[in-house]
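Colleague: sequence-free structure coming up:
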């Protein structure tokens, strides 16, 4: 009953968590494992670091104060 | 570099740390707190990155590439949920004054001493190797710094010469100074937090520096490193050509493990929960802390590759690549800086972990047992307050000694990461009782006890004991060797489960038993009242205002309560607590008065901060006579409170709505009153105006009727007056009728395209008689071009007639003519009528357009007009979307100016003032005013 809380914030955070878990596990990571290189680096390494960075940014955006719909109490 | 400089540097660094902590403590006391800041908070959470991160990650990465990473991906994913989960933990801990994981578990499951003690034992047994790991890292990295390039086995020297011992001693001193000053564990350890935050900056900068140095100065960027590694078949393994090392099971297990670790490692709990000042800081920490992890891991792979290329296989322990690379290149200062970075990573962890553990051991293990010994008079003589502080200091020293002993006893070629992972699995055992306890009211004490103890036993059997018996059989290795032939009971393949690495294997089994035990036993046991109360309070922490919760039905006096508090907090603080309570209550309390339930509750909470929830409960029940409330009783009180709050909220909303409605009503009423007043005024004015001519008609009529001897000449005169006054009356009534017709809006008007010049011509001819009667000249100046206009011709003629007759009425014929000007000032048509009368004084100018307004100070006693002419003009002009003004210099005569919108475009397009009046000009709307 978090009054004043953005009504969807919790749901969005949980969704991001699930997406994050998927990004760093079997089917998706397997797509990038292999001998390929991009900019001279193994694609898996690049993939993991880029996905990691994106998750961090998304977390920051979701928790922005007073983002759409006002802040939490 | 001289040896003494290398020896001295870490101690100088520790000195700096003492100074920073001291400074932060002083600032905190002068209320310029450093820790009320999301960035310091985030940096203090980075105590997660220990020597394991600093040295061990590179070692692990050099063996199998990415596999070091889940330890940092897990916390990143967990941080996404911090706002939901960690915020709840923080709220619970603040309300219940919980200061450690063990206390959290004990408090949730009915303030159970047994559970608190068990959790403490798990934490101590689980974390000691971890502390040892840090000491080992400090010592090993020091040896590398001192003896490179000769490889040296760590910790072989005499006890006195062992720097790890001295470092441990100094860290114990630091922890004692900055971690055990207060008895109340809820007091913030600002000095410790700021020092740890500072260490986080040092280790990050050090690691980034060496990373940049290795990647771009020693080699030509990451791509170059990858190319070189790929050329060596022996090293190609680390590029993970065939998927993830250890497969996805290990990867996922490590991710889950580190998610639990970031929440439930005692040191993480200390900095994220106990030292949290403001829940809102989580907003920043939830992305900034993962970003910190991201940065500190950026160069792990490049350094690992560089080490492999530079040193080949085997010459240097991969855990030491970070240090060995700058040393081998002869950059001793850089190496020293890197060493300090690793040193800070290790010391930060040791400080926070030992303080957290010491509080846990003293509150949840030692105090409960001490309080059981009822007859220990010397405890009381010493003073409980001092006893607790000294106890914590003693425990701190013992813990560090334990860590050091573990380090001395097991100093083999341990991989740093492996020891850390053993601790992680131990700590993960806290996850089920805490998480289930926070979201499932049904989780019971018995369930938690069974789950936690079976999980712990499996951990002991599958990970801890094997690592002590046979250090070579560490996680990551196969299950061959020592335990072969133990089929069902093989610690690395329990119940015949093979094919997993030791960590995943231990995690799987311990979690299975932990969660399974917790759920199954909870489903088949009854909770005590205390458990049910605490469960409800924990799960619904955001829904209830449990500050009002009362658990005590029994009674005690204020004096007894204060005495009990004073034994732990000191007399001054106890008196202060009672005083501030009675201040908030409004009435002072005397010592022999019965203590209110809320005060008993407050006292228990204060005690919880000092001695843990279980002991606090015991202490309270020793002085409170009577029974604690039942679950139903407490819930009733809680529900009543929250119902009252809810009612209050609804009431507030209702009263706000009511207020708004009242305001609207008041405004409407005001408008009505005003209209009523205007109507009354109008009626009284009309009747007044009608009465004047009527009175004179009646008077002259009566004279004619009553006086026979009135001369015929006089009769004639009187009859003329009667006729004139009747005419005036008719005129007046006509005008009133006109006005009311106009007031009602467009009604039967006809909107046509007109030329204002025709209108003027009609009006002039209609008033020509008037002008010649009064011998006034009219000067017109009309434009040659037509002045197109949309409007009702009759009304506009009436407008001009009114203006002209008004002018002729007031002008002074001797002083000049009446002027009528018409000009086209696109998009407006302007009509001016000026006279040479006395003019209109400033303050009357707006009022002349009011009904029945007559300018009072006219020379003639009798008003010349009805007072309606100009009001009608104004109304007509308004209805034609125009405006009428009067201006003059007094004595020069008045000039009336009418501006009407030119026809052509739509009227509503003409100007702001006009447009809102009538939006659809096609069908003239009724204008309500």
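Modeller: Here it is on my side, so go on. Quantities reported herein were computed from a predicted structural model and do not represent experimental measurements.
Colleague: quick check, residue B:821 in a strand?
Modeller: Yes: under DSSP: H, G, I helix; E, B strand; the rest coil, residue B:821 falls within a strand.
Colleague: residue contacts, the most centrally placed residue in chain A?
Modeller: Centroid-nearest residue in chain A, with CA atoms, centre = their mean: residue A:55, separated by 2.7 Å. Applying CB atoms under 8 Å, 6 or more residues apart in numbering or on different chains to residue A:55 gives the contacts A:16, A:19-20, A:23, B:76-77, B:80, B:290. Where C-beta positions appear, they are placed from N, C-alpha and C, glycine not excepted.
Colleague: among those, which two are most distant?
Modeller: A:19 and B:290 (14.6 Å; CB to CB).
Colleague: who's more crowded, those two?
Modeller: residue B:290 (27 against 17; other CB atoms under 10 Å in any protein chain shown).
Colleague: what's the closest non-adjacent residue to that one?
Modeller: Counting by CB to CB, 6 or more residues apart in numbering or on different chains, residue B:290 lies nearest to residue B:76, which is 4.0 Å off, once chain neighbours are set aside.
Colleague: packing partners of the host helix or strand of that neighbour?
Modeller: Using DSSP states H and E, residue B:76 maps to helix B:70-80. Helix B:70-80 sits against helix A:9-23, helix A:43-62, helix B:247-264, helix B:281-297, with contacts defined as 3 or more CB pairs under 8 Å, 6 or more residues apart in numbering or on different chains; DSSP states H and E.
Colleague: what is the burial count for the residue in chain A positioned nearest to chain B?
Modeller: Proximity of chain A to chain B (CB to the nearest CB) peaks at residue A:40, 2.7 Å away. By other CB under 10 Å, the residues close to residue A:40 number 13.
Colleague: which stretches of chain A have low pLDDT?
Modeller: Within chain A, the set of residues satisfying pLDDT under 70 comprises A:1-7, A:34, A:66-73.
Colleague: next, the closest residue to chain A within the stretch 701-850 of chain B: phi, psi?
Modeller: Relative to chain A, the nearest point of the stretch 701-850 of chain B is residue B:827 (44.5 Å; CB to the nearest CB). The phi/psi pair for residue B:827 (degrees, to the nearest 10) reads phi -90, psi 30.
Colleague: now do residue B:792
Modeller: Here is the backbone geometry of residue B:792 (degrees, to the nearest 10): phi -100, psi 120.
Colleague: cool, and residue B:779?
Modeller: Backbone torsions of residue B:779, given as degrees, to the nearest 10, read phi -110, psi 120.
Colleague: ditto for the one 5 residues further on
Modeller: According to degrees, to the nearest 10, the main-chain angles of residue B:784 amount to phi -80, psi -30.
Colleague: then residue B:818?
Modeller: phi -90, psi 140.
Colleague: for it, which non-adjacent residue is spatially closest?
Modeller: residue B:807 is the one closest to residue B:818 (CB to CB, 6+ apart), at 4.6 Å.
Colleague: give me the pLDDT for that neighbour.
Modeller: At residue B:807, the predicted lDDT confidence score is 85.
Colleague: got it, and residue B:429?
Modeller: Looking at residue B:429, its pLDDT reads 93.
Colleague: so how far is chain A from the nearest residue to it once chain neighbours are set aside?
Modeller: Using CB to CB, 6+ apart and skipping residues adjacent in sequence, the residue nearest residue B:429 is residue B:455, 4.2 Å away. Going from residue B:455 to chain A by CB to the nearest CB, to the nearest Å gives 23 Å.
Colleague: didn't residue B:455 look like it was pressed against residue B:514?
Modeller: Yes: between residue B:455 and residue B:514 there is a contact under CB atoms under 8 Å: 3.3 Å.
Colleague: helix/strand/coil for residue B:357?
Modeller: helix.
Colleague: which residues touch it?
Modeller: So residue B:357 contacts B:123-124, B:127, B:266, B:395, B:399 (CB under 8 Å, 6+ apart).
Colleague: okay if I get these as JSON lines plus secondary structure and pLDDT?
Modeller: Output for the contacts of residue B:357, formatted as JSON lines (DSSP: H, G, I helix; E, B strand; the rest coil; pLDDT from 0 to 100):
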{"residue": "B:123", "secondary structure": "helix", "pLDDT": "92"}
{"residue": "B:124", "secondary structure": "helix", "pLDDT": "91"}
{"residue": "B:127", "secondary structure": "helix", "pLDDT": "89"}
{"residue": "B:266", "secondary structure": "helix", "pLDDT": "91"}
{"residue": "B:395", "secondary structure": "helix", "pLDDT": "88"}
{"residue": "B:399", "secondary structure": "helix", "pLDDT": "87"}
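Colleague: between the residues you listed, which is nearest chain A?
Modeller: Among the contacts of residue B:357, and counting by CB to the nearest CB, the member closest to chain A is residue B:266, at 24.4 Å.
Colleague: for the closest one, which non-adjacent residue is closest in space?
Modeller: Nearest residue to residue B:266 in three dimensions, chain neighbours excluded: residue B:356, at 4.0 Å (CB to CB, 6+ apart).
Colleague: wait, what's in contact with the one you found?
Modeller: Counting by CB under 8 Å, 6+ apart, residue B:356 has contacts B:100, B:266-267, B:269-270, B:274.
Colleague: from chain A, how far out is it?
Modeller: Residue B:356 is 26 Å from chain A, where distance means CB to the nearest CB.
Colleague: from residue B:209, how far off is that residue?
Modeller: Plainly put, residue B:356 is 30 Å away from residue B:209 if you go by CB to CB, to the nearest Å.
Colleague: what is the neighbour count of the closest residue to residue B:868 other than its chain neighbours?
Modeller: Spatial nearest neighbour of residue B:868, chain neighbours left out: residue B:735 (4.5 Å); criterion: CB to CB, 6+ apart. The number of residues packed near residue B:735 is 20, by other CB under 10 Å.
Colleague: give me the element residue B:735 is part of.
Modeller: helix B:712-743.
Colleague: ok, residue B:780 next?
Modeller: Residue B:780 is part of strand B:778-781, with elements assigned from DSSP H and E.
Colleague: one more: residue B:212?
Modeller: Residue-wise, residue B:212 maps onto helix B:190-212 under DSSP H and E.
Colleague: give the buried residues for that helix.
Modeller: B:190-200, B:202-204, B:206-207, B:209-211 (16 or more other CB atoms under 10 Å in any protein chain shown).
Colleague: helices or strands next to that helix in the packing?
Modeller: Packing contacts for helix B:190-212, counted by 3+ CB pairs under 8 Å, 6+ apart, involve helix B:3-29, helix B:38-45, helix B:163-179, helix B:281-297, helix B:300-311, helix B:321-328, helix B:332-361.
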